[in-house]
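[1] Build me a model:
(one chain, ligands or ions: 1)
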Amino acid sequence: MVLDKMPQLKIGDLVLEKPIIQGGMGVGISLSGLASAVANAGGLGVISYVALGLLEQESKMKYREANIVRLRREIRTAKQKTNGVVGLNIMVAMSDYNELLKTAVEEEVDIVFLGAGLPLRFPKGYTVDKIKKIKTHFAPIVSSGRAAQIVFQYWEKSFGRIPEAVVVEGPKAGGHLGFKKDQIDNPDFKLENIVPDVIEVIASFEKRLGKKIPVIAAGGIFTGADILKFLELGASGVQMATRFVATDECDASDLFKQAYVQCKEEDIEIIESPVGLPGRAIRNSFIEEVKAGEQKPFQCSWKCLKTCDYRTTPYCIADALAYAQKGELLKGFTFAGSNAFKVDKIIPVQTLMDTLESEFRNAQKVKPKSRVALEA
Ligand SMILES: Cc1cc2nc3c(=O)[nH]c(=O)nc-3n(C[C@H](O)[C@H](O)[C@H](O)COP(=O)(O)O)c2cc1C
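    Residues are numbered from 1 along each chain as shown. Okay, here's the model as predicted:
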C-alpha cells in the first residue's frame with residue numbers, strides 16, 4: 001500500500017502530524033525560532049538547552065542564573081509562536097541538570113529529551129508520587145538496546161513510571177556521539193543494526209505494561225526515503241538535525257549555515273571533545289590549530305559539564321560552540337552530522353517538510369529490493 005502522507009507519530013497523549021522530531025542542537029542552534037517553525041509544520045520542535053547563559057553575555061547575571069532565565073524565555077517564546085508540540089533537549093552531563101529539569105517541569109514543556117548520559121535521577125524532593133504526576137513527557141537518547149533496558153528498568157522500579165518514548169542515536173549523528181572512536185565505523189553499531197535491538201527491548205515493556213512506546217531513529221537520516229526505511233524497520237518516527245540547520249528559521253548565524261552549504265564530504269571529521277566523547281564537526285582552522293597542540297586560553301565561567309576538566313582542556317567547548325553560533329568561526333567550529341556535505345541550500349522549514357513528504361511518497365513506489373540497491 002502506498003501512503004499518501006507520512007504516518008502520524010503519537011507519544012503518550014502528544015500527536016504529531018508528521019513522524020519527524022527536530023533534534024536538539026546546542027549551543028543555540030535550535031532555540032524557539034527553529035523549534036516553533038518545526039512544530040508549526042507538523043513535526044516536533046526541540047529547543048536545546050546547552051550553555052544558554054553564554055548567549056546572554058551582555059546581561060550582568062551570573063551564568064547559572066542566566067541559563068535558567070534564558071531557558072524560560074525560549075520555552076515561553078516557542079509556546080507563543082506555536083500551538084504545536086515543542087520539546088527540550090537536556091544533557092544529563094550538565095552540572096545544572098537538576099535545575100534545568102525542574103524548570104522544564106514548571107514550564108510544562110511537552111517533552112524532554114535526555115541525552116549525553118543515562119538519565120537515572122530526578123531532582124531532590126521529587127517523590128515517586130510527584131514524578132508520576134508530572135505532565136511533561138520524557139524520552140531518553142540511547143545508543144544501544146542495553147542502555148534502553150537499563151533506563152526503562154530503572155525508571156519502572158524507582159519512579160513507578162517509564163519514559164513515553166526513546167530515541168536511538170547512531171554513529172552518523174552530529175555533535176557528541178555516544179560511541180567509542182573505534183565503534184563509529186564498525187557495522188555492528190550502524191543505526192540499522194541498533195534500532196532492532198532497542199525495538200526488541202522496548203517490546204517487552206510494551207507487552208507487559210500494555211502501552212505503546214515509540215522508538216525514534218536518529219543519526220544520518222536525511223531524505224524521505226531514509227524516513228521510510230526506518231519506519232519499515234519498525235521505528236515509529238525519526239529525529240533529524242543536520243537537515244534542519246539549513247533552514248531560514250534555524251537559530252544559528254548565516255555563517256554557521258553557510259559552513260554546511262560549502263563543506264565537502266572530506267571536511268567532516270571526528271574530533272576529540274573536551275567532554276570526553278568523540279564529536280562530529282566540520283574541519284576548520286580552529287580544529288586544525290587545536291590538533292597541532294595550540295591552547296586556546298579561556299576562563300571557565302562555571303563548570304558547565306561534570307565531565308570536563310577545565311584545568312587541562314585545550315579549549316572551552318561551550319565557548320567554541322557559542323562563537324560558532326554567532327558566526328565567529330575563527331574562534332570555534334560547527335558540529336554537523338555525516339550528511340552535512342549533502343546540504344546545498346538554505347530553505348524554509350515548511351519547504352523542507354514538504355520535500356521530505358514528497359520524497360517519502362516517491363520512495364514507496366520503488367520496490368523494496370530496488371530500494372536496497374539504490375542505497376548500496
Ligand atoms: C549542530 C548540532 C548540534 C547538536 N547538539 C546536540 C545537543 O546539544 N544535544 C544532543 O543531545 N544532541 C545534539 N545533536 C545531535 C542531534 O540532536 C541529532 O540527534 C543528530 O544530529 C541526528 O543526526 P543528523 O544530524 O544526521 O540528522 C547535535 C547535532 C548537530 C548537527
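
[2] Check the burial of whatever residue of the stretch 51-200 of the chain ends up closest to the ligand by counting its neighbours.
    Closest residue of the stretch 51-200 of the chain to the ligand, C-beta to the nearest ligand atom: Gly174 (2.6 Å). In this view, the C-beta of every residue, glycine as well, is placed from N, C-alpha and C. Using other C-beta atoms under 10 Å, Gly174 has 26 neighbouring residues.

[3] Need the pLDDT of it.
    Note for Gly174: predicted pLDDT of 97.

[4] wait, what's in contact with it?
    Contact analysis of Gly174 by C-beta atoms under 8 Å, 6 or more residues apart in numbering lists 25, 241-242, 280-281, 335-338, 340.

[5] change it to 7 Å
    241-242, 280, 335-337 (C-beta atoms under 7 Å, 6 or more residues apart in numbering).

[6] and the ligand, which of those reach it?
    Filtering the contacts of Gly174 for proximity to the ligand by C-beta under 6 Å from any ligand atom leaves 241-242, 335-337.

[7] closest to Ile271 among those?
    The closest of the ones next to the ligand among the contacts of Gly174 to Ile271 turns out to be Phe335 (C-beta to C-beta; 9.1 Å).

[8] For burial, what's the neighbour tally of that closest one?
    Count around Phe335 with other C-beta under 10 Å applied: 28.

[9] Skip the chain neighbours and tell me the closest residue to it.
    Nearest non-adjacent residue to Phe335, counting by C-beta to C-beta, 6 or more residues apart in numbering: Gly175, 4.4 Å away.

[10] Which secondary structure element is home to Ala147?
    Here Ala147, judged by DSSP states H and E, is contained in helix 145-159.

[11] Just checking that helix against the ligand, any contact.
    No - using C-beta under 6 Å from any ligand atom, helix 145-159 stays clear of the ligand, with a minimum separation of 13.8 Å.

[12] In PDB, could you pull the C-alpha coordinates for that helix?
    Extracted in PDB, the C-alpha atoms of helix 145-159 (Å, rounded to 0.1, in the frame of the first residue of the first chain):
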ATOM      1  CA  GLY A 145      19.400  -1.900  23.400                       C
ATOM      2  CA  ARG A 146      21.400  -2.400  26.600                       C
ATOM      3  CA  ALA A 147      21.200   1.300  27.600                       C
ATOM      4  CA  ALA A 148      17.500   1.300  26.800                       C
ATOM      5  CA  GLN A 149      17.000  -1.700  29.100                       C
ATOM      6  CA  ILE A 150      18.900  -0.100  32.000                       C
ATOM      7  CA  VAL A 151      16.900   3.200  31.800                       C
ATOM      8  CA  PHE A 152      13.500   1.700  31.400                       C
ATOM      9  CA  GLN A 153      14.000  -1.000  34.100                       C
ATOM     10  CA  TYR A 154      15.400   1.600  36.500                       C
ATOM     11  CA  TRP A 155      12.600   4.100  35.900                       C
ATOM     12  CA  GLU A 156       9.900   1.400  36.300                       C
ATOM     13  CA  LYS A 157      11.400   0.200  39.600                       C
ATOM     14  CA  SER A 158      12.500   3.500  41.100                       C
ATOM     15  CA  PHE A 159      10.000   6.100  39.700                       C
END
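
[13] List the buried residues for that helix?
    By neighbour count on 16 or more other C-beta atoms under 10 Å, the buried set for helix 145-159 is 145, 147-152, 155, 159.

[14] just checking, what packs against that helix?
    Applying 3 or more C-beta pairs under 7 Å, 6 or more residues apart in numbering; DSSP states H and E, we find helix 145-159 packed against strand 137-142, helix 191-209.

[15] Quick check: next helix or strand after it?
    In N-to-C order, the element after helix 145-159 by DSSP H and E is strand 166-169.

[16] so does that next one get close to the ligand?
    Yes - using C-beta under 6 Å from any ligand atom, we find that strand 166-169 touches the ligand at Glu169.

[17] so what's the residue of the stretch 251-376 of the chain found nearest the ligand up against?
    Relative to the ligand, the nearest point of the stretch 251-376 of the chain is Gly337 (2.8 Å; C-beta to the nearest ligand atom). Listed by C-beta under 7 Å, 6+ apart, the contact set of Gly337 reads 172-174, 220, 241-242, 280.
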